[in-house]
Structures are given as structure tokens and as C-alpha cells.
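Engineer: got a predicted structure plus its sequence, pasted below:
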Amino acid sequence: MDCAQMSRPVLVVDDDPQMRLALKESIGRMGYEVILSENGQEALDKLRQPGVEFSLMVTDMRMPRMDGLELLKEVRRGGGPLPVLVITGFGTVETAVEMMKEGATDLLMKPFPFDRLKKAVDSIIRSGVGSGSSELITGNPAMKKIVELAGKLAASDITVLIEGESGTGKELLSRHIHKSSRRSDKPFVAVNCAAIPDNLLESELFGHEKGAFTGATDRKKGKFELAHGGTILLDEIGEMPLLLQAKLLRALQEKEIDRVGGKSPVSVDVRVIATTNRDLWKECEAGRFREDLYYRLNVFPIGVPSLRERPEDIEELSKHFIQKFSALAGKTIDGISSPAMTALKAMKWRGNVRELQNVIHRAVFLTQGPMIEEADFMLEQTKCRPGDLNPGKIRDMEKQLIMDTLKGVEGNRTMAAKILGVSVRTIRNKLKEYGENFS
């Protein structure tokens, strides 16, 4: 990991003032700058500030206005690779599994010692997980040719349109092109056109002047200006509203942008890569996408195959994800059993590589042995509500949390109940249910 990654601050999100300050002090002692937010909406505002990048977000699960799960969904909906460490307490194991499905990088179960927090934060930041630094891993001949082609395209500034289903690795391929180009030492700025409201997208892309609209208290540079000299990724370009498509076309043709409320154009030097999970030509025929913009973007199209078309990659990628997530979890996992691998290869993978990553992440989190078994994938619950998850698995995790907490307080049920946020009666009833006793 480079020094730039370590120099980026850690964003801590928690509605409890004491917990916020405790996390700030603990993470600060590790040598990281910490920025605090007291709720999910405030955190999103800070994440969307132009020119500000974070190395990690640490968020509580239960918060008013926007809980940790919704915050995580918003972050992932924005297409960002930001790693997210979730802190969760007693009674939220089901939601914790859902967090893994939504792309949480790691989980910390309350209560946790400083050493566990330190290990989790250091592992995530130093490994670069979620920072967009992951290499393209493939054993599929067609995919290898695509990666080779992308490397050749990197030598020029030609506009590239990458098409493929969600989760196939379009952004990763875009980053590969940028890193292989002469612009590699300049910014790579990704904009998810589907995640930003229509009335804010123009300002996000092109910036605005002070007083341009209510709330515009300062001049703001847009993504095109922030990407000057480097590469801008227009992710899910098919979601861009028609009115803004016309302004984007002008920016691409003239190599200049107009800030909202601006009096004169601003020249920009950017290499443009666009991605889409839609058939843009059909969108043109339906009148939802400008034909002239389509031709401007479609200078060099690349089609990324789905994971269903790359069966060789299921095993290859699974090994990679196991290595990555087991290191984060502090576990030693030898691999996946043959029946479990057979089950993986039988999946339809509508979510492609992103779905596979989440399934492996969940399995690493849940497995208790040296080999991942089919039950650890919880494939039958992949598309179920959190309340439909395997009750036996949840009960085992609940028991482990209660027993570990009691051991940490030398069997003091009152103290354990306070830490876990439950009543002493609940602790007593659970111990009776488990056939355990702490005097």
C-alpha cells in the first residue's frame, strides 16, 4: 500500500458522543487522522465533498435517521470502493450477515478490545481492501484478451465504453486502463450517474459558483475539474438524464465545462471512460439516450462477459477472496470443499463477481473450520430477508458473544448485560437455554 492511502483520514460514524470520541482516540493512537460524523446523512455529505478521500469508514449499526445498513447501501450504490468496518452489538447478528451481503469489509462485535479494533483497522488500510487497488484476476481466455486489449488502449487517450452486467468488474477494468496509462500519476475520479439525484448531478460533474442556487455558499469544483490531467469514469452513463447528456456532449467535444452559475467556460484535460449495464443503442432507439452522445462515447467499445460465461473464474476468484477476507478475519482457511465448490459453480450469479465476493466474505465470516463447506455460503438464504436466516447459525453466534462477554467480566451478569444492552433476566434465560452457568 502506498503512503497516499495511509495519509487519507478515517471516517467514524456513531450517534453516541462517548463512543465517537473513544473511537477517535483509539484510531488516532494508531497514527491515522480521524473525522467524525454523528449520523449517516452527515457522513454521506462528507463522503461527497470534492477532493476529500477516506481510507476507511467505521460505522455503528444502530443510528437514528439513517442506520448503518442504509449508509452502507448508499456508499455501495455510489459505486465507491471505500472499505467499511461495521460495529454491531447483541441482537443484530441477522443484520450483520445482511451487511456482509451488502459489501461490508469487516465486522466488529461489541464489546471489543482495543487490540481487535487495531487489528481490523490496520489490516483493512494496509491491505488496500476496497481502495480500488485489487488486480484483475481471471483464468478465462476471453477475459484475458479483454485485459490485454485494455492495456493496449491505455497508451492512447481514446474514449472507451465498457458494457456488461452489474458486478462484472467494469470499474476495475477502468482503473486498470488508467493505471497503465501515461496519466497514472494523475487523478482517477469515478462518478456513479445512477447514484446522484438528477438535480445535483450537473453540479457534481461541472461544479458551481458561489450563489448559483440556494445553499451554494462557496465555489465548488466539479468532478471534471478534479480529474484534470487524469481520467474520469462515468459509471452507469445510461442513467444520465437527457438534458444533462447535451451538456456532457459539449464538454467532450469542446474539452471545456460550464460551472452552474458560471460566466465563462473552464478548459479541462481528461480521459473519459464510460460504463453501462444497459444496451445503449436500445436506449437511443427508445429516445432515452442521445444518439450523438452514444457515438461520441462508443469510440472503442469493450464488452465484459458475465461470470456465467467465465466458469474458470469462479474457482480462481474464490481462492483470491478467501485469502483476502481470512487475513482480515484473522482466520486460517485452507480452501473450499469439493461439494461446496460444485454448489458455487451451479449458481446463476446474477450479481456476477460482486455477488461471488459477498458470498465468500460471508462464508469466511461464518465458517468454524479449516475448510469452507456448502452450509457456510448460506446460498438458500442469499435472496431472503434477514429474518429468514438460519436460526441455528445465529443462535451459535449469539451464544459465543454472550459467553465471551461473561468471560471478559469474570462472570458478572449485571456488567455483561449492561455491555450487551440487554436485561440481566435475558442473560439468565439464555444461559439456562445453553445449559451454561456463571456464578
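Structural biologist: Structure received.
Engineer: which residues of this structure score low on pLDDT?
Structural biologist: 1-7, 50-51, 77-80, 90-97, 127-135, 328, 380-397, 408, 418-422, 438-439 (pLDDT under 70).
Engineer: and it, split by domain according to the record?
Structural biologist: According to automatic domain parsing, the chain comprises the domains 1-132, 141-304, 391-434.
Engineer: out of those domains, the one nearest A340 is which?
Structural biologist: Of all the domains of the chain, the one in closest proximity to A340, counting by Cβ to Cβ, is domain 391-434 (15.4 Å). C-beta: built from backbone N, CA, C; applies to glycine.
Engineer: run the chain-centre distance for the closest one.
Structural biologist: 32 Å (Cα atoms, centre = their mean, to the nearest Å).
Engineer: again, but for stretch 66-74
Structural biologist: On the basis of Cα atoms, centre = their mean, stretch 66-74 sits 12 Å off its chain's mean C-alpha point.
Engineer: quick one: contacts of that stretch?
Structural biologist: With contact meaning Cβ atoms under 8 Å, 6 or more residues apart in numbering, stretch 66-74 is reached by 13, 39-41, 43-44, 59-63, 84, 86-88, 95, 98-99, 102-104, 195.
Engineer: buried ones among those?
Structural biologist: Buried residues within the contacts of stretch 66-74, counting neighbours by 16 or more other Cβ atoms under 10 Å: 13, 39-40, 43-44, 59-63, 84, 86-88, 95, 98-99, 102-104, 195.
Engineer: filter those down to the ones in helices?
Structural biologist: Of the positions in the buried ones among the contacts of stretch 66-74, G40, A43, L44, T95, E98, M99 sit in helices, assigned by DSSP state H.
Engineer: export the residues you listed as a markdown table, with columns for distance to F213.
Structural biologist: Shown next, in a markdown table, are these (distance: Cβ to Cβ, whole Å):
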| residue | distance to F213 |
| --- | --- |
| G40 | 24 |
| A43 | 24 |
| L44 | 19 |
| T95 | 38 |
| E98 | 37 |
| M99 | 36 |
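Engineer: for P187, which residues are in contact?
Structural biologist: Shown in contact with P187 (Cβ under 8 Å, 6+ apart): L226, A227, H228, G229, G230, T231.
Engineer: give the buried subset of those as a PyMOL selection command.
Structural biologist: With 16+ other Cβ under 10 Å as the criterion, this PyMOL line picks the buried residues out of these:
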select buried, resi 226+227+228+230+231
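Engineer: can you put the contacts of P187 in JSON lines and add secondary structure and distance to F377?
Structural biologist: Converted to JSON lines, the contacts of P187 look like this (DSSP: H, G, I helix; E, B strand; the rest coil; distance: Cβ to Cβ, whole Å):
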{"residue": "L226", "secondary structure": "helix", "distance to F377": "40"}
{"residue": "A227", "secondary structure": "coil", "distance to F377": "39"}
{"residue": "H228", "secondary structure": "coil", "distance to F377": "45"}
{"residue": "G229", "secondary structure": "coil", "distance to F377": "44"}
{"residue": "G230", "secondary structure": "coil", "distance to F377": "39"}
{"residue": "T231", "secondary structure": "strand", "distance to F377": "36"}
